[in-house]
Structures are given as C-alpha cells and as structure tokens.
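K.L.:
Give me a 3D structure for the following:
(one chain, ligands or ions: 1)
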Amino acid sequence: MEFMTGVKPEEALEIRDLLAEDMAGKTVKVNGTVHAVNDMGAVAFVILRKREGLLQCVYQEKDTDFDLKLLKEGAALKLEGTLEKDERAPHGIEIRIQHVEILSQPSEAMPLPISKWKMNTSLDAKLNYRSISLRNIRERAKFKIQEGIVRGFRDFLYSQEFTEIHTPKVGAKSAEGGANLFRLEYFHHPAVLQQSPQLYKQMMVGVFERVFETGPVFRAEKHNTKRHLNEYTSLDFEMGYIHGFEDIMAMETGFLQYMLELLKREYADALKILNVTLPDASKIPAVRFDEAKRLVSEKYDRKIRNPFDLEPEEEALIGRYFQEEYNADFVFVTHYPSKKRPFYAMDDPEDNRYTLSFDLLYHGLEITTGGQRIHDYQMLRDKIAAKGMTEEGLEQYLSTFKHGMPPHGGLGIGLERLTMKLIGEDNIRETTLFPRDLSRLEP
Ligand code: AMO
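P.N.:
Next comes the predicted model:
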C-alpha cells in the first residue's frame, strides 16, 4: 500500500535555496518558465520566471547539446547547470546551462510584451489577456502586495483574538440599502447577492464577540468609475463591548500599522519592483464630517452645496487639506449624517441627524466605512420603521437583538481600493485580478 506521509523534499531548487552561501560552483536543478531569451551571439541569456522572481541562466553552445532555438518564451523547463555568483544578474546569481528538458512548449507567440519591465499596454488589453498580463513581473507584484494586506489583516486580528468567519453570499435581504442590489431567483424565491456581510457579522458578535471575514461582496453599481467594481473583496470586522466607535478606528489604525510593518519586512521585493513609498499610519487625524466640509470650503474657496453629503471632489480636497496641514496620508471623517447611513448605524444621542460612524480616507479616497451599531432591539425596529423599510427578511437578524447583544461596531475595507492607493495606481481594475464591471464578465 502506498501512503502519503507529507510534503516531500523537492529536487529542483528555488531561488532562496540557490542563494545559500555554499552553493557557488555546484551543479543544480531548477524549473521555471522562459520569460525572455537575449541572444548576444557567442552567449545567450535565458531568463527564467519562478515564483520568487527572475533567474538568469547562461547558454553557451560549448557547454550543452541543446538547441537554443527550442527555448521559446512561455516554455516550461526543467534545467540543470552550474551555479555561479554574478553581481550583474538578478539576485547576484546565474546558472550556466548544461541540460534542458522542455516540460511544455507554447503553441502561440505571447500576445503581450510581458517580459518588458513596463508593458506600455492599454488596461483593456491587459484585462482581456489577464492570465498572460499578470505574468509580467510588475503586474504580478501588485498582487503580492495585495496578499500582504490580507495577511496583515488576518494575522493582526488573530492576535487581537478575533474569530474568522465565512458567511453566505446569497440571501433574502442585504443590509446596505440603495439601488445597487443584484437580484436573482433562488428556487422560485426572490434572493439577492450580499452587498456586505453586515447582518451576519453582527449576529456573530453575539457568539464570538470579535469576528472578521475577508470575502467577495456584490454591488450592482450602474456607473463606470475608476473606484467602483461590481464585485469586490471586503475586509470586514465586527467587535463587541466597545466604548464607542473610536475603538473601531483605533483597531483599524493598529491593523494599518501592523500591515505596513509586514509589507516592509516580508514584501520588500514587491515594494521595490513597484517603487512604493509606504504611507505613515503612526497617528491618524480624526475630524467631524461637518467640520471637514467647513475646513475645505474655507481653504479652497468652495461652496457647500449639500451639507449632508460628501462629493468625491470634496473627499479629495479633505485628503489634500490633511496632507498639507498635517502631513497625513490618512484621515478619519466621523459623524456621517444619518440620512446617508444604513438602518443599523447608531445615531449620535447628542444630535440624531448624525451617526456614530466614520469613513477612512487615504489620499482623498474612501477606503473604509465603519461605526457603532444599534444593539437595542426596540431602537433597531424603530429605526427600520423610520427609514420606511419593512422587517421582512430581517426576522433572524432582529431575533438576535431580542435575545441580547452587547454594544458593538465594526468596519468594512475595500481591498482593491486600499491596494490601489498603496501602490499609487489610479484605476481600481489595476489592482483586481479579474475585475467585474459594467462591461466585463470575462475572463
Ligand atoms: P460601504 O458600503 O461603505 O460599507 O463599503 C465599505 C468599503 O468598501 C469599498 N467599496 C467598494 N470598492 C469597490 N467597488 C465598490 N463598488 C465599492 N463599494 C464600496 C470602499 C468602502 O469604504 N457594511 C459597511 C461596512 C461597515 O460599516 O462595517 C459597508 O459595506 O472601500
């Protein structure tokens, strides 16, 4: 009988193994994809793409019986050669090729110049050939950074004793309201795709006190902008026994600090490839919504058109104001108007036109919404009625409150928006693996 006993040591080495002190001069086996072939006549450089980065291999006819012409861009190889140190090569090492085995040969030429440092290809072309464009080193690095953000979120929240949960994406009702619901038929019943895990994460506060989720959410936005997707990844958390929504902002600040340190420590390669300067989250200013509006209207001589809403340009100006006045990359805007917040938001007892909630702006773009929630059953029912909503589909959610819930709050962070701002891109599709927008359902 054959038994699986765990991961076996691999004969082919990774870049990290090749970088060990005593490897120079040794014969090694590696595998990888042909990223580029630079034929200089007497010698050719075969650049392999591996999971950790690029590896330079040197081809000289005298050392091998292999025909260079067989090495096409995109071919998957297993290769054997001698490891040499060379400061000019990526990672300071190269392999002098002796034997090559082709594991798979491409049947068509590459549709995009993926081996170039910057592809200079339109966003549409990159998205049309997504699985190919992402093979470019810079494109790939964006998603390593995205991985670091999610890892930072998870690791930090685990360290704060949050429980990770996974909630359904199809349901009878969603929490955020508005017109951006995808509706579908679920075995002859009307259903919707969840706009957020809001209802579920709140219900789970009654079970675990502190919960988080990273997962897809759906918004049927009918406008094409550089900051909206129809499906995005939401980083959510919800926590009980808070003193106020300030606890949520403090937890988010802690997450940002932890995540930025993690990127610095473990994602230095990707940061360097993208030439990213990380923002400062050591202290983040917090300003009231009405005060922020007043500050920018005075400084930039802009009329306040609607005291209860923030226009995107105003958001950008708030970002600019806090960068200019406080050298701040982030700013919390607090006490959003009740009219603009969903039913679950807790109103400010001192002025119920406003809520105990906040947004976090990063260089002038909203990346987070959060706040304190209503935890009292009757108050929640009154708010639902005051918003002109029905309780239909909310029975289970409401019963949670009937049976007791602690004061609590939480937030949702748009992962693609945060990634976009962090690496200095200006279109959210650049930081989405397979974007879903008004015109894109494929790939
Ligand atoms: P909200 O609807 O503000 O709040 O969403 C939270 C964050 O998600 C991001 N976001 C989007 N990203 C890409 N495309 C979109 N269409 C899109 N819509 C929103 C933004 C935004 O700040 N339940 C609340 C959160 C909470 O209070 O816990 C919610 O979903 O970065």
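K.L.:
Give me the pLDDT value at the nearest residue to Met239 once chain neighbours are set aside.
P.N.:
Leaving aside its sequence neighbours, Met239 sits nearest to Arg210 (Cβ to Cβ, 6 or more residues apart in numbering; 4.6 Å). In this view, the C-beta of every residue, glycine as well, is placed from N, C-alpha and C. The confidence metric pLDDT takes the value 98 at Arg210.
K.L.:
go on, Glu311?
P.N.:
Here, the pLDDT recorded for Glu311 equals 88.
K.L.:
tell me the contacts of it?
P.N.:
Residues near Glu311 by Cβ atoms under 8 Å, 6 or more residues apart in numbering: Arg305.
K.L.:
from memory Phe401 sits against Arg373, does it?
P.N.:
No. Counting by Cβ atoms under 8 Å, Phe401 stays clear of Arg373, with 9.8 Å between them.
K.L.:
Which one of the two is surrounded by more residues?
P.N.:
Set side by side, Phe401 and Arg373 show more neighbours around Arg373, with 27 against 20, by other Cβ atoms under 10 Å.
K.L.:
For the ligand, see how far away that one is.
P.N.:
According to Cβ to the nearest ligand atom, to the nearest Å, Arg373 and the ligand sit 8 Å apart.
K.L.:
measure that residue to Lys402 for me?
P.N.:
When distance is defined by Cβ to Cβ, to the nearest Å, Arg373 is 15 Å away from Lys402.
K.L.:
for Lys50, same thing?
P.N.:
57 Å.
K.L.:
now swap in Gln378 and tell me
P.N.:
Counting by Cβ to Cβ, the gap from Gln378 to Lys402 is 9 Å.
K.L.:
got the contact list for Asp351?
P.N.:
Asp351 touches nothing, counting by Cβ under 8 Å, 6+ apart.
K.L.:
Do you know the pLDDT at Asn306?
P.N.:
Turning to Asn306, the model gives it a pLDDT of 88.
K.L.:
what pLDDT does the residue most central in space within the chain get?
P.N.:
When Cα atoms, centre = their mean is applied to the chain, the residue found nearest the centroid is Leu415 (3.3 Å). Leu415 is assigned 98 on the pLDDT scale.
K.L.:
what separates it from Ser234, distance-wise?
P.N.:
7 Å.
K.L.:
okay, and the common contacts of those two?
P.N.:
Contacts common to Leu415 and Ser234, judged by Cβ under 8 Å, 6+ apart, are Thr214.
K.L.:
Near the ligand, which residues of the stretch 201-350 of the chain are found?
P.N.:
219, 221, 228-229, 232, 234, 236 (Cβ under 6 Å from any ligand atom).
K.L.:
So among those residues, where is pLDDT lowest?
P.N.:
Ranking those by pLDDT puts Glu221 at the bottom, with 89.
K.L.:
what about the closest residue to it other than its chain neighbours, how many neighbours?
P.N.:
Excluding the flanking residues, the one nearest Glu221 by Cβ to Cβ, 6+ apart is His228, at 4.7 Å. Neighbour count for His228, taken as other Cβ under 10 Å: 18.
K.L.:
Surely His228 is in contact with Ile428?
P.N.:
Yes. When contacts are counted by Cβ under 8 Å, His228 is listed as touching Ile428 (7.1 Å).
K.L.:
Show me the common contact partners of the two, please.
P.N.:
Common neighbours of His228 and Ile428, using Cβ under 8 Å, 6+ apart, do not exist here.
K.L.:
Name the helix or strand for Asn238, please.
P.N.:
Heads up, residue 238 is Glu, not Asn. strand 231-240 (DSSP states H and E).
K.L.:
Helix or strand next in line after that strand, which one?
P.N.:
helix 246-266.
K.L.:
downstream neighbour of that next one in the secondary structure list?
P.N.:
Next helix or strand after helix 246-266 toward the C-terminus (DSSP H and E): helix 268-273.
K.L.:
For that following helix, the averaged confidence score.
P.N.:
If you average the pLDDT over helix 268-273, you get 97.
K.L.:
contacts for it?
P.N.:
52-53, 137-138, 141-142, 144-145, 148, 263-264, 278.
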